[in-house]
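**Student:** got a structure for you, letters missing:
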């Protein structure tokens, strides 16, 4: 009945192609943007998981101090023996990879394991196994450097130059002997960053005592 005429017969087709080109370009841009977002999200997720694991290790992978005993010579504490175990939920802790800060009112020491090939620290500490996962309770397992069970117990030894017992032999420098009334802050740092701080207080009187609880 009616016929539409136009002086530009290809106008509708040209508009359709242009729209299609713009649409394809938008799809491509959206696809590229989506790929970038997915990659970024994946990277952020991996980083968040890694940061979370590291934070969890700093909280859980640490040692717990059960007790500390000082051996006395005259009116001095010439050696401190500290019993430690794994904290609840902690993974294995290698004592060779542990560092310790020993701070008194008059001096401070950064201690490393005396069993390292080349100890780099102000002083050294040593240890012996008190209890092993296999159930052994003697010094035959004292060469085991790792606490790997909640039942494991190790005794950290901090001898001074005044220690003449010969029971703990170290190749590096030692901490200073402690006088009656001295206070020591001991901070144990594991490889993963877990930290444990314990404050030791020497009794005011050491007279007639071979060992004292700190």
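**Tutor:** Yep, it's here. Since this is a predicted model, take the numbers as computed values, not measurements. Numbering: from 1, shown residues only.

**Student:** and the helices in the chain?
**Tutor:** For the chain, applying DSSP state H gives helices covering 11-60.

**Student:** so where's it uncertain?
**Tutor:** Low-confidence segments of the chain, defined by pLDDT under 70: 1-16, 18, 47-60, 133-144.

**Student:** residue 107 and residue 174 touch, don't they?
**Tutor:** No. Counting by CB atoms under 8 Å, residue 107 stays clear of residue 174, with 12.0 Å between them. From N, CA and C alone the C-beta is placed, and that goes for glycine too.

**Student:** tell me which of the two has more neighbours.
**Tutor:** residue 174 (22 against 10; other CB atoms under 10 Å).

**Student:** and the more buried one, what does it touch?
**Tutor:** Residues near residue 174 by CB atoms under 8 Å, 6 or more residues apart in numbering: 123, 124, 158, 159, 160, 161, 163.

**Student:** try 10 Å this time
**Tutor:** 78-79, 109, 111, 114, 122-125, 158-163, 168 (CB atoms under 10 Å, 6 or more residues apart in numbering).

**Student:** one more: residue 159?
**Tutor:** Taking CB under 10 Å, 6+ apart as the criterion, residue 159 is in contact with 71, 78-81, 114, 123-126, 165-170, 174-175, 177.

**Student:** are any of those residues buried, and which?
**Tutor:** For the contacts of residue 159, a burial check counting by 16 or more other CB atoms under 10 Å picks out 71, 78-81, 114, 123-126, 168, 170, 174-175, 177.

**Student:** related to what we said a few turns ago, inside strands: which ones of the contacts of residue 159?
**Tutor:** Filtering those for membership in strands, criterion DSSP state E, returns 71, 78, 79, 80, 81, 123, 124, 125, 126.

**Student:** can you put those residues in JSON lines and add distance to residue 192?
**Tutor:** Shown next, in JSON lines, are the ones in strands among the contacts of residue 159 (distance: CB to CB, whole Å):
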{"residue": "71", "distance to residue 192": "32"}
{"residue": "78", "distance to residue 192": "33"}
{"residue": "79", "distance to residue 192": "29"}
{"residue": "80", "distance to residue 192": "25"}
{"residue": "81", "distance to residue 192": "25"}
{"residue": "123", "distance to residue 192": "23"}
{"residue": "124", "distance to residue 192": "22"}
{"residue": "125", "distance to residue 192": "19"}
{"residue": "126", "distance to residue 192": "22"}
